[in-house]
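> kindly return the folded structure for what I paste below:
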Amino acid sequence: AAPAVRGASPSRGPAGGGTLVTVRGSDFLSRFGDASCVLGKRFRPARVMSSSVLVCESPPSASGVEPLGVSFNLVEVYFAPAGFSFLGNPPDVSLAPSAGPAEGGTIVALALPRPTDGPLRCIFGRSEVPVNESGQALTCVSPAGRPGNSSVLAVRAEDGPGLPVGRAWVFFSGG
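Alright, predicted model coming up:
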């Protein structure tokens, strides 16, 4: 059977590229050759994870929606029903506060473009916590960590890759 592409997660990313995109479909192992994601007219190397999942990195692009597909021979392209949205200069991402006690429990407010539909999680280094949503407000509660440890906070969908917030989170001693 011919490969079929159902969609991608996340379905949008910055126009500067660099978003890890998980493409879902079927029969990805039925073809021989190097797998590629196709975004618009640009082919990007892809890694086949299973017969229904492959992963690639979005290229730089002008803002807007580009068709998304996969190819296994650089000729035939199997397109998804929906494209990939390249976001133009996104609003500045903010994280407040950017530090908290090692005991955890700090409410962290995030201001960023929502990376995808569905439930989100905050990633503090190796720890993940749910994102709480109230209208447009996104918050999460910091987990416990080691004093002095610093990591770049990321947000991800339940089934997708992380979207780095680009701001470091620092754990400090005491409260």
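> alpha carbons only for contacts and neighbour counts from here, please
OK.
> where in the protein is pLDDT low?
Low-confidence segments of the chain, defined by pLDDT under 70, are located at 88-94, 112-118, 149-154, 156-168, 174-175.
> let's go with 90 and repeat that
For the chain, the stretches flagged by pLDDT under 90 are 1-2, 9-20, 29-34, 40-41, 59-64, 74, 85-100, 102, 109-140, 144-175.
> the spatially closest residue to residue 65 that is not a sequence neighbour and residue 155, how far apart?
The shortest distance from residue 65 to any non-neighbouring residue, by Cα to Cα, 6 or more residues apart in numbering, is to residue 85 (4.2 Å). Distance from residue 85 to residue 155, counting by Cα to Cα, to the nearest Å: 18 Å.
> who has more neighbours out of these two?
Set residue 85 next to residue 155 and count neighbours by other Cα atoms under 10 Å: residue 155 wins out with 25 against 21.
> which strand residues bridge the more buried one?
residue 122, residue 163 (DSSP bridges).
> direction included, what does whichever strand or helix holds residue 54 pair against?
Counting by DSSP states H and E, the secondary-structure element that holds residue 54 is strand 53-57. Strand 53-57 pairs in its sheet with strand 20-26 (antiparallel), strand 42-50 (antiparallel), by DSSP bridges.
> can you redo those strands as a markdown table with distance to residue 119 and mean neighbour count?
Written out in a markdown table, the entries for these read as follows (distance: least, Cα to Cα, whole Å; neighbours: other Cα atoms under 10 Å):
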| stretch | distance to residue 119 | mean neighbour count |
| --- | --- | --- |
| strand 20-26 | 16 | 21 |
| strand 42-50 | 23 | 16 |
